[in-house]
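# Give me coordinates for this.
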Amino acid sequence: MLGETASADHEAAARYPETLKRIVEKGGYTEQQIFNVDETGLFWKRMPTRTYLSHNETTQHGYTVSKDRLTLLLGGNAKGDFNVKPMLVYRSPNPRALKGHSQQSLPVIWRANKKAWITKALFEEWFSTCFCPAVEQYCKRKNIAYKALLILDNAPGHPITLGQFNESVKVTFLPPNTTSLIQPMDQAIIGTFKAYYLRETFQQAIAKTTDDHPISLVQFWKNYNIKNAIDNIANAWQKVSENNMRAGWKFIMPHCANNLRDLPAQIQHVIEEITDMGINKLGMEDLDAENVKEMIESHSEELINEDLLNLDQHCAFVDEDDDDEQPSRNKKSDFSNKDFEEIFSMVETLKQKVMDADPNTDRSTRIRREMDSIFLPYEQIYEQRKMVKPAQTTLMQFFDMDK
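Residues are numbered from 1 along each chain as shown. Coordinates of the predicted model:
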């Protein structure tokens, strides 16, 4: 990050807020309708180096689990009240830890390719089938016009033609070499999330080593898998608050971040929490705040070619995918559209029965509203599925091409 900042175009960064202001005024966008997203790597099974878990890490076929990286796409709006559901790209489409779990029900948008990278095709698919529908639903909830401004950096995976995919969503790009200086997600929002992720992992370790049937910390870390990481990612992202998100916009939309707590100071507070948990709850006597900070910052490091080669060899040697032709007995088949439609029909019949039978109109009306609220998640899944289904074939074709 220091290298990026040193080589950044400070003059272009200083001019951009005025450019953005003109775009916002011309389009009539509010803070709720202005978004930024960015990719980031996460070494999901990595511990600070001054812990015996890190020291005792085993190497298999030149591969160490602390170098197993996934890619996340994180973002939200300038208002700070809408965090986009994270997209997670992993190197394996069906890791064993997800056996028996519906990938559609995960708290992340699950995607996979051999390099765990977000490609142009994958970003386009995410934009059309995930981001735009989610923003449209958000605008409906807030009773505002469905239009949005998406601000992106010039990463290779961001197609310049993206704005042609949806007439309601305008896409604009930051000037080259300004990302580290002014991109909202890069202004410690992602750093805050990564600190929260490590804190979630430590809290999970404490819970597993102190419950009614405790296991050792070594055993906890041995058992820690990609499903645990997904849960901790979701929890950590949920902890990134409205104020956290607004603070990231301080350079390109300063009014969004007025009087908000400085994010680096908040990260330092979380680092101190993690250090205290490690020393006093998990027996990590050599741990200190500087080592925790180094570990959080290490997620930005690039894997060298040797690391990538070792990873490929490890994947070839260890069968991590669940390729069984027979479905697991413990795994329920996913809802079909027909199932949803039958449920909705029965719910409508039940609601009508309540209205007909209950003489208390206020009570029956309240129960109908509560039933609508209870079944709303099913309705949202059903609507999203109808929109996403045509694009799934394209994504599968993309995976086939990547092989």
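
# got the contact list for stretch 203-222?
Stretch 203-222 is contacted by residues K45, M47, L53, N56, N223, N228, N232, M277, K281, L282, G283 when judged by CB atoms under 8 Å, 6 or more residues apart in numbering. Using the backbone N, CA and C atoms, a C-beta is placed for each residue, glycine as well.

# Could you pick out the buried ones from these?
Neighbour-count burial within the contacts of stretch 203-222 applies to K45, M47, L53, N228, N232, M277, L282; the criterion is 16 or more other CB atoms under 10 Å.

# Which secondary structure state does the residue of the chain positioned farthest from its centre sit in?
Using CA atoms, centre = their mean, the residue of the chain lying farthest from its centre is P359. It sits 47.7 Å away. The three-state label given to P359 by DSSP: H, G, I helix; E, B strand; the rest coil is coil.

# what's the distance between it and M295?
Going from P359 to M295 by CB to CB, to the nearest Å gives 64 Å.

# Can you pick out the ones from the buried ones among the contacts of stretch 203-222 that are in helices?
Among the buried ones among the contacts of stretch 203-222, DSSP state H puts L53, N228, N232, M277 in helices.

# Just the C-alpha atoms of the host helix or strand of E342, please, in PDB.
Following DSSP states H and E, the helix or strand that holds E342 is helix 337-357. Provided in PDB are the C-alpha atoms of helix 337-357 (Å, rounded to 0.1, in the frame of the first residue of the first chain):
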ATOM      1  CA  ASN A 337     -40.100 -22.700  -8.300                       C
ATOM      2  CA  LYS A 338     -43.100 -24.900  -8.100                       C
ATOM      3  CA  ASP A 339     -42.500 -25.400  -4.400                       C
ATOM      4  CA  PHE A 340     -42.400 -21.700  -3.800                       C
ATOM      5  CA  GLU A 341     -45.600 -21.200  -5.800                       C
ATOM      6  CA  GLU A 342     -47.400 -23.900  -3.800                       C
ATOM      7  CA  ILE A 343     -46.300 -22.300  -0.600                       C
ATOM      8  CA  PHE A 344     -47.400 -18.900  -1.700                       C
ATOM      9  CA  SER A 345     -50.800 -20.300  -2.700                       C
ATOM     10  CA  MET A 346     -51.300 -22.000   0.700                       C
ATOM     11  CA  VAL A 347     -50.200 -18.800   2.500                       C
ATOM     12  CA  GLU A 348     -52.800 -16.800   0.600                       C
ATOM     13  CA  THR A 349     -55.500 -19.400   1.500                       C
ATOM     14  CA  LEU A 350     -54.500 -19.300   5.200                       C
ATOM     15  CA  LYS A 351     -54.600 -15.500   5.200                       C
ATOM     16  CA  GLN A 352     -58.000 -15.500   3.700                       C
ATOM     17  CA  LYS A 353     -59.200 -18.100   6.300                       C
ATOM     18  CA  VAL A 354     -57.900 -15.800   9.100                       C
ATOM     19  CA  MET A 355     -59.800 -12.900   7.700                       C
ATOM     20  CA  ASP A 356     -63.000 -14.900   7.300                       C
ATOM     21  CA  ALA A 357     -62.900 -16.600  10.700                       C
END
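
# dump the residue contacts of the spatially closest residue to L53 that is not a sequence neighbour.
Excluding the flanking residues, the one nearest L53 by CB to CB, 6 or more residues apart in numbering is M47, at 4.5 Å. By CB under 8 Å, 6+ apart, M47 lies in contact with L53, S54, S66, W221, M295.

# What is the most widely separated pair among those residues?
Farthest pair in these (CB to CB) is W221 and M295. Separation: 14.2 Å.

# And the two? Which one has more around it.
M295 (24 against 21; other CB atoms under 10 Å).

# What distance do you get for the closest residue to that one other than its chain neighbours to F202?
Residue nearest to M295 in three dimensions, not counting chain neighbours: P48, with 4.2 Å by CB to CB, 6+ apart. Applying CB to CB, the value for P48 to F202 is 10 Å.

# which residues sit in contact with the residue positioned nearest the centre of the chain?
For the chain, the residue nearest the mean C-alpha position is P86 (2.2 Å; CA atoms, centre = their mean). Counting by CB under 8 Å, 6+ apart, P86 touches L72, L73, L74, P107, V108, I109, I233, A234, W237.

# my read: the last one touches T192, true?
This points to W237. No. Counting by CB atoms under 8 Å, W237 does not reach T192; the two are 10.1 Å apart.

# Show me which of the two is the more surrounded one.
Between W237 and T192, counted using other CB under 10 Å, T192 has the larger neighbour count: 24 against 21.

# Downstream of whichever strand or helix holds the more buried one, the next helix or strand is which one?
According to DSSP H and E, T192 maps onto helix 189-210. The helix or strand immediately downstream of helix 189-210 is helix 217-223, counting by DSSP H and E.

# Report the mean confidence score over that following helix.
Averaged over helix 217-223, pLDDT sits at 94.

# how about it: buried residues?
In helix 217-223, counting by 16+ other CB under 10 Å, buried: L217, F220, W221.

# Export that helix to PDB, keeping only CA atoms.
In PDB, the C-alpha atoms belonging to helix 217-223 read as follows (Å, rounded to 0.1, in the frame of the first residue of the first chain):
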ATOM      1  CA  LEU A 217      -6.700 -24.300  20.300                       C
ATOM      2  CA  VAL A 218      -4.600 -26.500  18.000                       C
ATOM      3  CA  GLN A 219      -7.600 -28.700  17.300                       C
ATOM      4  CA  PHE A 220      -9.800 -25.700  16.700                       C
ATOM      5  CA  TRP A 221      -7.400 -24.400  14.100                       C
ATOM      6  CA  LYS A 222      -7.000 -27.800  12.500                       C
ATOM      7  CA  ASN A 223     -10.800 -28.000  12.200                       C
END
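
# Could you give the separation of it from the chain centroid?
Between the centre of helix 217-223 and the centre of its chain there are 25 Å (CA atoms, centre = their mean, to the nearest Å).

# before we move on, what about stretch 238-248?
14 Å.

# How about stretch 271-285?
Its chain's C-alpha centre and that of stretch 271-285 lie 26 Å apart, by CA atoms, centre = their mean.
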